[in-house]
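*Asks:* Give me the fold of what follows.
(chains A, B, C and D)
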Protein chains: 4
Amino acid sequence: MADFILTFSCPNRPGIVAAVATSLVSSGYNILEAQQFDDAETGHFFMRVLFNPVLEGADIEDFREKLAEIGERFEMELTLRDRSVKPKVMLLVSKFDHCLADLLYRWRIGELPMEITAIVSNHPREALQLPELDEVPFHHLPVTAATKPEQEAKLWDLIEETETEFVVLARYMQVLSDELSTKLAGRCINIHHSFLPGFKGAKPYHQAHERGVKLIGATAHFVTPDLDEGPIIEQDVERISHRHTPADLIAKGRDIERRVLARALHYVLDDRVIISGRKTVVFYD
Amino acid sequence: MADFILTFSCPNRPGIVAAVATSLVSSGYNILEAQQFDDAETGHFFMRVLFNPVLEGADIEDFREKLAEIGERFEMELTLRDRSVKPKVMLLVSKFDHCLADLLYRWRIGELPMEITAIVSNHPREALQLPELDEVPFHHLPVTAATKPEQEAKLWDLIEETETEFVVLARYMQVLSDELSTKLAGRCINIHHSFLPGFKGAKPYHQAHERGVKLIGATAHFVTPDLDEGPIIEQDVERISHRHTPADLIAKGRDIERRVLARALHYVLDDRVIISGRKTVVFYD
Amino acid sequence: MADFILTFSCPNRPGIVAAVATSLVSSGYNILEAQQFDDAETGHFFMRVLFNPVLEGADIEDFREKLAEIGERFEMELTLRDRSVKPKVMLLVSKFDHCLADLLYRWRIGELPMEITAIVSNHPREALQLPELDEVPFHHLPVTAATKPEQEAKLWDLIEETETEFVVLARYMQVLSDELSTKLAGRCINIHHSFLPGFKGAKPYHQAHERGVKLIGATAHFVTPDLDEGPIIEQDVERISHRHTPADLIAKGRDIERRVLARALHYVLDDRVIISGRKTVVFYD
Amino acid sequence: MADFILTFSCPNRPGIVAAVATSLVSSGYNILEAQQFDDAETGHFFMRVLFNPVLEGADIEDFREKLAEIGERFEMELTLRDRSVKPKVMLLVSKFDHCLADLLYRWRIGELPMEITAIVSNHPREALQLPELDEVPFHHLPVTAATKPEQEAKLWDLIEETETEFVVLARYMQVLSDELSTKLAGRCINIHHSFLPGFKGAKPYHQAHERGVKLIGATAHFVTPDLDEGPIIEQDVERISHRHTPADLIAKGRDIERRVLARALHYVLDDRVIISGRKTVVFYD
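*Replies:* Next up, the predicted model:
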């Protein structure tokens, strides 16, 4: 039997949990897992509820109706997802394919439950180190400063045609235009190869080497028009020393980048991330 | 206005969250924070709810009555704590006082909200490196194999007289008798200087050195009659290398021990730990 | 111009570093990097020296002669490797291919400088999730209790024919016989899916779940006839919680296993590991 | 018998290690531990050598003479320290005394081998949470914008009178003047409560909360006239979540700060840190 995930945020008021929990029971569902967060600072309330049917007569349409009413009453922004339907994800890459290779492996063994709509690169297929991938369509969309609007238009068409829900920039080394960033608000995840907000912009590992830091990191965040400033989903670091050259940092960074991006995507696919202004609420498993 | 923490575990059945949430609302309270866990393996449900009054007429006795009924209906084991009343804690130590010093510092600056009923050692006060502590009574309860029953009787009297709720073995190097362990079930926390279940028993850092492991750790657990086998509350590790002698491991271990014990005690004092058979459910902050 | 790596261990005596350093200078070489370790416990001295020619007339044969004399004088066990020649490595696997996929990716992008002589599995090629690998020969060597001696004989022949120097058990779920373990002493690396010495033997993630530990780990070690007791090369851990089922631990474990094995193999390929009894000296970069 | 530590840096040239090692042998000393680093980028060579006498006739003055000649020949900046003489250290603090308390505890149990010349604060003794410290003189040096030059003059006098070698800013919340920073170049260690270069300046935990990072950190660095830009000695981080308020971050930060500062001071006291421009070489144990 199918499981469902409900997530929502709304202004905090008494009775939210009681209203949701009571509706679920009366529609024949049982809460398997729930996490919530009251943000005392903003007065906002965030919740993620995983539930499944307990009764023969469990009726998701019945619950949807009740939820619509509750949602309106409490001014919720909400999503309700049938967990048996895999989210559609498009993967963008340039030349460095360590994150892409990692995501594909995790997808192949069932660790990341998603449907990959396409792999898109601004470089031709031969630029990737990856062995053949018959299962996933590959699109080469080259881009120059002059052709950027045109290329992004093609990309957008592809996103719409394939009904892509999430776009992952798996070391796609092009800055999205403000327009495209805005269209993809809350649906586009980037991996930045530094521990933001340190070392924004280009060549972060060279910056880190130059500064002599003792840890390097990577940051997965939602893309916004404000470069490297989008809501952070996940970060991690590793210890380095004076012995490491920029090339060593790049190699070490590959490991950090791929695990940070994989974790961030896992959280997103599992409806664990709710955006809250320029920050995120992440309900960890 | 005071906050309350409710924790409980019970067999999983539909309607638990709805029942608790609805009662809270009707008694004039609002849920600030809630975490729950369905253990699919055992069919048990665990929950921690932090709530505070929203209405003038909020009435904790009214809620207690409703809770008594709900508790009976769902066969809950539950605790309800007024957060403004600090738990009473006794600290036991032998000669190594790094954990004790750390707990006392955290207590002094308000990081660990507890009332320390006593410091008890099997060694005289002079054995400790600590500067004077006028605020906390110190008891020297020496012990030998022959006098153990007698010494533990005195210790138990002291626990009862001072209404101590939790006993912390902060590198107290005496094994408690089965009898005392049983009396203190779920209320006595020990710090073991290894990453259990590796290196049980005596001289774990020497064992770790001998085996050539690359990480050493520490484990905070509830004390049970079964030595080094009680439910684990918290663990952590640090990286070591071939260069480290057993003495180096002991020094490094001090840092791990004190942060693991401090975290475990924080979780316990904040009602974040529920015992589940020989394991724990810890609702992290 | 080529670099060389010298590693050795010997009983500690005054003058070792001076003798090696002076010989290198007089043969026209410069020390780029050196690490050493005096084991006060065993009285043994360990050293790794990376050097390259500074003079036109640098002569490695000249140095080899001097080294032979020094080696005899100080009773050294030594290796001298021309860094431009890649070590030959055989990869063994059963059904779980996450470590194999990871090693292959790192090899493909040049992160692990080795020549892969073969991939060997006790299961047919179709059991692997990996896409085609035209570049590396695959051998299916099925095994049963009855055919084990025969299968190991074939494996050994393959190791000898291909002049394989290191054998990596990348989740190869067969215990090697004492005989084969002994033949491969110091050349065969296994990844064990637990933080040894905790949870030896089968199903370590189930054991970890059962015990309720708060961290799980993986261990890369040299294979010896004494199961799960060989010298440890590298270990790492990750934090888990009560929420994680054994299946979750297995998934999390994949990440730990693959990075621990990749690091261990990197250290071995870069001549950073010297065995010292049942332990290792690892000169980290 | 006493141990000695030699550290030096110089332009890289063939024969450095041979020259040092040969001199040590001929003066009757044996190398116990040595670490070196060739910085290919700058062409500089760094080395730390720990040695002790092996012969009756070992003569440190004899070695000093040889070293003077070698130092001149290779243009070394060098230090030679008799390990039995403890470095003199002054501790500066303002109101938050968690780092101070931690350093004092480690000093008391012998973990940090130093002679504390004084504790200096811009606040009176009563502002500290610490229990009495009869062993260490306390100086109250209040400061305002107007009296800063005068206060720093008193501080400098105290440093000179007590022959203080290292000054530790253990959450001393005053910015040192350019003049004093320059006088103390390479001898003054600060703990900054952020993972530099992120969140420079004031209220870093509030900045981190504002930005929504998933890890917070602390940085120990040498003080230079360029605020928060001095050579980094040590850094560490801890994971946080959306649940943590700025007050929680400050509490978590205390743990990071004190262990980062303690480690940095340990490295400095053990002659493991060599400054290299705006970076450090740290030879870890």
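
*Asks:* quick one: the strands in the stretch 51-200 of chain A?
*Replies:* A:77-82, A:88-93, A:115-121, A:138-140, A:166-169, A:188-192 (DSSP state E, counting those that start in this stretch).

*Asks:* helices or strands up against the first one?
*Replies:* In this structure, strand A:77-82 packs against strand A:4-11, helix A:60-73, with contacts taken as 3 or more C-beta pairs under 8 Å, 6 or more residues apart in numbering or on different chains; DSSP states H and E. Quick note: C-beta positions are derived from backbone N, CA and C, even for glycine.

*Asks:* Around the closest residue to chain D within the stretch 51-200 of chain A, how many other residues sit close by?
*Replies:* Closest to chain D within the stretch 51-200 of chain A is residue A:198: 4.1 Å, counting by C-beta to the nearest C-beta. As a burial measure, residue A:198 scores 24 neighbours (other C-beta atoms under 10 Å in any protein chain shown).

*Asks:* With the one 5 residues further on instead?
*Replies:* A total of 14 residues lie near residue A:203 under the criterion other C-beta under 10 Å.

*Asks:* Return the backbone torsion pair for it.
*Replies:* phi 50, psi 50 (degrees, to the nearest 10).

*Asks:* From chain D, how far out is it?
*Replies:* 15 Å (C-beta to the nearest C-beta, to the nearest Å).

*Asks:* rewinding a little: quickly compare the helices and strands packed on strand A:77-82 and say which is most buried.
*Replies:* strand A:4-11 (a mean of 20; mean count of other C-beta atoms under 10 Å in any protein chain shown).

*Asks:* and it, what does it pack onto?
*Replies:* So strand A:4-11, by 3+ C-beta pairs under 8 Å, 6+ apart, packs with strand A:44-53, helix A:60-73, strand A:77-82, strand A:273-276.

*Asks:* Run through the helices of chain A in chain order.
*Replies:* For chain A, the helices defined by DSSP state H cover A:16-26, A:60-73, A:98-108, A:148-161, A:178-183, A:204-211, A:246-269.

*Asks:* Buried ones in the third one, by neighbour count?
*Replies:* If I follow you right, that is helix A:98-108. Buried positions in helix A:98-108, judged by neighbour count with 16 or more other C-beta atoms under 10 Å in any protein chain shown: A:98, A:99, A:100, A:101, A:102, A:103, A:104, A:105, A:106, A:107, A:108.

*Asks:* Can you check what angle separates that helix from helix C:246-269?
*Replies:* Using axes from the mean of the first three to the mean of the last three C-alpha atoms, to 10 degrees, the direction of helix A:98-108 lies 140 degrees away from that of helix C:246-269.

*Asks:* Contacts only, for whatever residue of the stretch 51-200 of chain A ends up closest to chain C.
*Replies:* Of all residues in the stretch 51-200 of chain A, residue A:131 sits closest to chain C, at 4.3 Å by C-beta to the nearest C-beta. Residues near residue A:131 by C-beta atoms under 8 Å, 6 or more residues apart in numbering or on different chains: C:131, C:132, C:133.

*Asks:* who wins for proximity to residue A:163 among the helices and strands packed on strand A:77-82?
*Replies:* Checking the helices and strands packed on strand A:77-82 against residue A:163 by C-beta to C-beta gives strand A:4-11 as the closest, at 19.3 Å.

*Asks:* quick one: the closest residue to chain B within the stretch 101-250 of chain A from residue D:282, how far?
*Replies:* Here the residue of the stretch 101-250 of chain A nearest chain B is residue A:239; by C-beta to the nearest C-beta that distance is 8.7 Å. Counting by C-beta to C-beta, to the nearest Å, the gap from residue A:239 to residue D:282 is 11 Å.

*Asks:* out of those two, which sits in the busier spot?
*Replies:* residue D:282 (24 against 13).

*Asks:* Contacts only, for that one.
*Replies:* For residue D:282, the contacting residues are A:214, A:241, A:242, D:233, D:234, D:267, D:272, D:273, by C-beta under 8 Å, 6+ apart.

*Asks:* what about 6 Å?
*Replies:* D:267, D:272, D:273 (C-beta atoms under 6 Å, 6 or more residues apart in numbering or on different chains).

*Asks:* same deal with residue A:37?
*Replies:* So residue A:37 contacts A:46, A:281 (C-beta under 6 Å, 6+ apart).

*Asks:* count of residues packed around residue A:43?
*Replies:* Close neighbours of residue A:43, defined as other C-beta under 10 Å, add up to 10.

*Asks:* Who are the contact partners of it?
*Replies:* Taking C-beta under 6 Å, 6+ apart, we find residue A:43 in contact with A:11, A:12.

*Asks:* and if you look at residue A:16?
*Replies:* Contacts of residue A:16 were listed using C-beta under 6 Å, 6+ apart, and they are A:45, A:74.

*Asks:* any idea how far it is from residue A:25?
*Replies:* 15 Å.

*Asks:* got it, and residue A:56?
*Replies:* Distance from residue A:56 to residue A:25, by C-beta to C-beta: 15 Å.

*Asks:* Show me where the stretch 1-150 of chain A dips below the pLDDT cut-off.
*Replies:* A:1-2 (pLDDT under 70).
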